[in-house]
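Student: Sequence first, predicted model second:
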Amino acid sequence: MVEELLFFMEVLVGGLLAGTMYSLVALGFVLIFKASATFNFSQGAMVFFSVLAFCGFMQDFNIPFVPAFILAALLMVVVGLCTERLVLRPLMNASEDTVLMATIGLGYVLEGLAQAAWGVEVRRLDLGIGDFPVPWIADNLKLFISALDITAGLVAAIMIIGLFLLFKYTKIGLGLRAVADDPGAASSIGIPLKHIMLLVWSAAGVVALVAGCMWGARAGVQFALVDLALKALPVLIIGGFSSIPGAIIGGLIIGAVEKVLEVYIGPFFGGAIEGWAPYVLAIFFLLYRPEGLFGEKIIRRV
Amino acid sequence: MKPVFMTYTKKDLINLAVCMILSVLIIPTFIKTEYWYTSILIPWLCLALATIGQQIVMGYTGQLALGAAGFMAAGAFAMFNLILRVPDLGFVGSLIVSGLIAAAFGILFGLPSLKVRGIYLMVATLASQFFIIWMIDKFGWFKNYDSSGIITAQDIVILGKPFTTPLAMYFVCLAVTTILTLLAMNMARGSTGRNWMAVRDMDIAAESMGVSLLRTKVQAFAISAFYCGVAGALFAFCYLKSLEPVAFDIKLSFKILFMCILGGLGTINGAFIGAAFILLFPVLLNAIGNNVFHGAIDATIISSIEQVIFGLLMIIFMIYEPLGMAKLWENLKQIIKFKLSSSNIKKFKSLKKT
């Protein structure tokens, strides 16, 4: 009985920590959605693009870890700048769906550019943190939990606290919230829309880079990262599109439910239900609480 | 009952006649190489049909769906099982029934559209994509317990006659696509299409004018999935000649989405233009790579460039012409007409002077 309970705990904790990896991707979506009410479908591609560039800097140009990371982050700022200039500004008054489709196109551009520049083969990314159980926890608590999962959890926690404080207590955060609420009114009282957009897209780019490092260290830096990033969508639906805590809780729920279902119910269906279980869970959420756990209620008028 | 052709104008009938003469008489007499049929014309017709399905739900009803390939897979594997297990149905019967099976999935996964829209709906339809592929992959019955993973599609036999040559398969695809395209045009112009468009333009307003949202949306999803299912069956039996779930992955769904958007949302001819563009552009790019650069550029780089160009086009079209290539074609026709008419006026004036 104790063994079973321990096993369940292990599955659950593993799932929760893996869920924080989804949260990291979802966080990038939320940042942009909060500030511009734009759904950035290319976030997954940004994850892939940034981490592939990071790997490329390190492995092809032999740049050490920290400068390569800074270079990759700067590259994401440039991507953010170009996106704001070339994609978002011309689509300022377009409908939501039009902007969404343009970001799908942007995703294609980023994926293609990344592969054209750095090749299509799978790259290994070594962060110096092994993806194996931490001995101390394994000995004392009898739980097998990967060091990488714990690191991802910590990184996610730090980023979320940081972003939360930024949004809540700084002047920039206030500006961000004002723009999200009503871009027209915000710009009429002198909030520079351009700078805010640039800031948000750069921040989302850096978040994508961090998320990409975590995923890349686990699964290798490869095109499949884009598909993995799609799983951030159910996370967002559960957590709500405009809530930073929502992104983390949604990620935890998806991670935990996915793993528990896979281990306990999966065998009855031949396994691999991870692929669709999060989406079905998201559908149930949509039916009962379309705005998500923490989202703002959407009111539509004729 | 009103006969079907009565809703078409004279112009439509001329267009239809031109298309038919072109596709039935001219193409088979002038194109003899098999490559054109097996690699371009057949997949073009199949994907255009699937794109019409996507058009119905996205272009006409305004529901952002992203699961066309899932419904295509449902249609393809339904077809395989029907021919295998119910041989009495025949090819055409199986094709219709497999379309209906795909439509059932469409209804099931279209239900969330009653509550949500936009990106939310996209996620709900992604569930269909992943679920259907997983289901086919995991339950051996669908694949007739074939362990190799790739099943060879049965030969097409209609009324006892085998259709195995590329040309014969081309005619099968052409016949099915023509009939379904005419039907789709009919629906889009009639009250069904009016309801779809009313829901697209403002669903709350449509509802208050007496359009049933439940009926309209579910109908659109069902018909869309029917088209995708039939297209998937043709795609597997005439183009791939094999069945594997991997062929219908999320990438194909995105491809169809691109065909739909670049071709022009809310147009039937846009589906054909978009499908032709997405299909032919990589062929062109590869030809340039082979003939101009003589293979100096790696094939993977060419496919990356192709991806970048598709993405850029998507952005450019969204900014400058959200109605896509069909609209560009219309504009071109307008310009030509205007040029012609103004030259006519000049001629008339010069005649008057003399």
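Tutor: Okay, I see it.
Student: rest of the way, CA atoms for contacts and neighbours
Tutor: Fine.
Student: Contact residues of the stretch 151-300 of chain A facing chain B?
Tutor: Counting by C-alpha under 8 Å from any C-alpha of the partner chain, the stretch 151-300 of chain A comes close to chain B at A:233-234, A:237, A:269-273, A:275-276, A:279-280, A:282-283, A:286-287, A:290.
Student: shaky segments in the stretch 151-300 of chain A?
Tutor: In the prediction, the stretch 151-300 of chain A carries residues with pLDDT under 70 at positions A:270-271, A:295-300.
Student: Now do the same contact list for residue 256.
Tutor: Reading this off chain A. Listed by C-alpha atoms under 8 Å, 6 or more residues apart in numbering or on different chains, the contact partners of residue A:256 are A:11-16, A:18-19.
Student: nope, chain B please
Tutor: B:47, B:50-51, B:54, B:68-69, B:275.
Student: what secondary structure does it sit in?
Tutor: On the three-state scheme (DSSP: H, G, I helix; E, B strand; the rest coil), residue B:256 is labelled helix.
Student: burial of residue B:135, as a residue count?
Tutor: Around residue B:135 sit 16 other residues, with neighbours defined as other C-alpha atoms under 10 Å in any protein chain shown.
Student: can you tell me the helix or strand for it?
Tutor: Mapping residue B:135 onto the secondary structure by DSSP states H and E places it in helix B:119-138.
Student: is that helix anywhere near chain A?
Tutor: Yes - for helix B:119-138, a contact with chain A is found by C-alpha under 8 Å from any C-alpha, at B:119-120, B:123-124, B:126-127, B:130-131, B:134, B:138.
Student: any idea of the pLDDT on residue B:1?
Tutor: Model confidence at residue B:1, expressed as pLDDT, equals 40.
Student: typo on my end, it should be residue A:139
Tutor: The per-residue pLDDT of residue A:139 was computed as 69.
Student: follow-up on the earlier one: where neighbours are concerned, which of the residues of helix B:119-138 next to chain A has the most?
Tutor: Highest neighbour count within the residues of helix B:119-138 next to chain A, by other C-alpha under 10 Å: residue B:124, with 31 neighbours.
Student: Enumerate the residues of the stretch 251-354 of chain B near chain A.
Tutor: If contact is defined as C-alpha under 8 Å from any C-alpha, the residues of the stretch 251-354 of chain B in contact with chain A are B:300-301, B:303-315, B:318-319, B:322.
Student: now the residues you listed: which count as buried?
Tutor: Buried members of those, scored by 16 or more other C-alpha atoms under 10 Å in any protein chain shown, are B:301, B:303-315, B:318-319, B:322.
Student: of all of the stretch 1-150 of chain B, which residue lies closest to chain A?
Tutor: residue B:127 (4.9 Å; C-alpha to the nearest C-alpha).
Student: With adjacent residues omitted, what lies nearest to that residue?
Tutor: By the measure of C-alpha to C-alpha, 6 or more residues apart in numbering or on different chains, the closest residue to residue B:127 outside its immediate chain neighbours is residue A:279, 4.9 Å from it.
Student: Correct me if wrong: that neighbour contacts residue A:234.
Tutor: Yes - Residue A:279 is within contact range of residue A:234, at 5.7 Å (criterion: C-alpha atoms under 8 Å).
Student: Can you check which residues contact both of these two?
Tutor: Listed as contacting both residue A:279 and residue A:234 by C-alpha under 8 Å, 6+ apart are residue B:123.
Student: what sits up against stretch B:267-282?
Tutor: In contact with stretch B:267-282 (C-alpha under 8 Å, 6+ apart) are residues B:40, B:44-45, B:47-49, B:51-52, B:55, B:59, B:181, B:184-185, B:255-256, B:258-264, B:303, B:306, B:324-326.
Student: among those residues, which are in helices?
Tutor: The helices, defined by DSSP state H, take in B:44-45, B:47-49, B:51-52, B:181, B:184-185, B:255-256, B:258-263, B:303, B:306, B:324-326 from the contacts of stretch B:267-282.
Student: Buried by neighbour count, from those: which ones?
Tutor: B:44-45, B:47-49, B:51-52, B:181, B:184-185, B:255-256, B:258-263, B:303, B:306, B:324-326.
Student: which secondary structure element contains residue 284?
Tutor: This is for chain A. Residue A:284 is located in helix A:277-288, with elements delineated by DSSP H and E.
Student: looking at chain B here, not the other one
Tutor: Under the assignment given by DSSP H and E, the secondary-structure element containing residue B:284 is helix B:268-291.
Student: buried stuff in that helix?
Tutor: Along helix B:268-291, these residues count as buried under the neighbour rule (16+ other C-alpha under 10 Å): B:268-279, B:282, B:285-286, B:289.
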